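Colleague: let's see this in three dimensions:
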Amino acid sequence: MLFKKKEIHVDSRLSHIAFIMDGNGRWAKKRAMPRQFGHKQGAKSFERIVRECNRLGIKTVTVYAFSTENWSRPKDEVGSIMELLSSYIDRAQDEKDIKFVFLGDKSVLREDLQKRMTDLEEKTKDRPNTLNIAFNYGGRAEIVHACNELIAEGAESVSEKDISDHLYTSASPDPDLIVRTAGECRISNFLLWQCAYSEFYFTDVLWPDFDEKELHRAIENFYKRKRNFGNVTEK
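Modeller: Residues are numbered from 1 along each chain as shown. Take a look at the predicted model:
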């Protein structure tokens, strides 16, 4: 049965949603398939969810696609993820209204892949909505990178704003909502600085099964919460 898109209202309280896309390998294992098959299905879910966020009017989406720790995975699995990224860059040329930003250290990737990532960023830089793809990304490494840039600029002291302005996400607001799938309740080195006041939504659903209906559930849950940002609000 095809999913009938529910009319759900999104306002300025939810301008940035981030996803820790977990469970591809477990999804494949449950079906006695190789992990690469799970990543392929997970890539389909990723594209579907990004389009639905765009349709709903969420201005910024960030996805955790490949961490700095993921290099320790089997070589064939890493290779399959690289190929999925490469093929997505080709298709991304046809996406409308989306500005692509790759968060992380591109320097260790193949030169041709680095160039295509940079070209896509340049081609789409003036579009209204942002898709941040965290690839070869680690939250701690990002903060170290920001501090080293400030040192290179001659900073003798720094403020929170200085660090924020030198993060990979400097052009994006901090995430309002971070969604993690597959039943894990941890952040795994993702947006460590930016998540200070984010709301978290954890679900047992494996990422390849995370569809528009599950996205709407996460959004509805977000709107039931009261965000005080450290302030005291009278009941």
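
Colleague: how near is residue 165 to residue 193?
Modeller: Between residue 165 and residue 193 the computed distance is 11 Å (C-beta to C-beta, to the nearest Å). The C-beta positions use only the backbone N, C-alpha and C, and glycine is treated the same way.

Colleague: with residue 64 instead?
Modeller: Residue 64 sits 15 Å away from residue 193 when distances are taken as C-beta to C-beta.

Colleague: quick one: which of these two has more around it?
Modeller: For residue 64 against residue 193, the residue with the higher neighbour count under other C-beta atoms under 10 Å is residue 64, and the figures read 26 against 16.

Colleague: check which helices and strands the host helix or strand of the more buried one sits against.
Modeller: Residue 64 belongs to strand 60-67 when elements are defined using DSSP states H and E. Of the remaining helices and strands, those touching strand 60-67 by 3 or more C-beta pairs under 8 Å, 6 or more residues apart in numbering; DSSP states H and E are strand 16-20, helix 35-56, helix 75-92, strand 129-137.

Colleague: counting by contacts, list what the third one packs against.
Modeller: In this structure, helix 75-92 makes packing contacts with helix 35-56, strand 60-67, helix 111-123, judged by 3+ C-beta pairs under 8 Å, 6+ apart.

Colleague: winner for burial among those?
Modeller: strand 60-67 (a mean of 23; mean count of other C-beta atoms under 10 Å).

Colleague: what's across from the residue sitting nearest the centre point of the chain in the sheet?
Modeller: Most central in the chain under C-alpha atoms, centre = their mean is residue 63, positioned 1.5 Å from the mean C-alpha point. Going by DSSP bridges, residue 63 is paired in beta bridges with residue 19, residue 133.

Colleague: I'd assumed residue 135 was in contact with it.
Modeller: No - applying C-beta atoms under 8 Å as the test, residue 63 and residue 135 come out as separate, 9.2 Å apart.

Colleague: in stretch 193-213, what counts as buried?
Modeller: With burial defined by 16 or more other C-beta atoms under 10 Å, the residues of stretch 193-213 counted as buried are 193-195, 198-203, 205-210, 212.

Colleague: no, scratch that, I was asking about stretch 178-190
Modeller: Burial within stretch 178-190, assessed by neighbour count using 16+ other C-beta under 10 Å, is assigned to 178-182, 187, 189-190.

Colleague: other residues contacting that stretch?
Modeller: Contacts made with stretch 178-190 from outside it, assessed by C-beta atoms under 8 Å, 6 or more residues apart in numbering, are listed as 17-23, 26, 64, 67-69, 134, 137-140, 191, 195, 198-207, 210, 215, 218.

Colleague: same thing with stretch 77-97?
Modeller: For stretch 77-97, contacts defined as C-beta under 8 Å, 6+ apart pick out 35-36, 39-40, 43, 47, 54, 65-66, 70-71, 98, 100, 109-110, 113, 116-117, 120, 123, 127-129, 135.

Colleague: let's see 7 Å
Modeller: Applying C-beta atoms under 7 Å, 6 or more residues apart in numbering, the external contacts of stretch 77-97 come out as 35-36, 39-40, 43, 54, 66, 70-71, 100, 113, 116-117, 120, 127-129, 135.

Colleague: dump it to CSV, keeping only the CA atoms.
Modeller: Once side chains and other backbone atoms are set aside, the C-alpha atoms of stretch 77-97 remain, and they are given as CSV (Å, rounded to 0.1, in the frame of the first residue of the first chain):
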residue,chain,number,x,y,z
GLU,A,77,31.5,-2.3,3.0
VAL,A,78,33.3,1.0,3.0
GLY,A,79,33.7,0.7,-0.8
SER,A,80,30.0,0.2,-1.3
ILE,A,81,29.2,3.3,0.8
MET,A,82,31.6,5.3,-1.3
GLU,A,83,29.9,4.1,-4.5
LEU,A,84,26.5,5.0,-3.0
LEU,A,85,27.8,8.5,-2.4
SER,A,86,29.2,8.7,-5.9
SER,A,87,26.0,7.7,-7.5
TYR,A,88,23.9,10.0,-5.3
ILE,A,89,26.1,13.0,-6.4
ASP,A,90,25.1,12.2,-10.0
ARG,A,91,21.4,12.2,-9.1
ALA,A,92,21.6,15.2,-6.8
GLN,A,93,22.3,17.4,-9.8
ASP,A,94,18.6,17.2,-10.6
GLU,A,95,17.3,18.0,-7.1
LYS,A,96,15.4,21.3,-7.0
ASP,A,97,15.8,24.0,-4.3
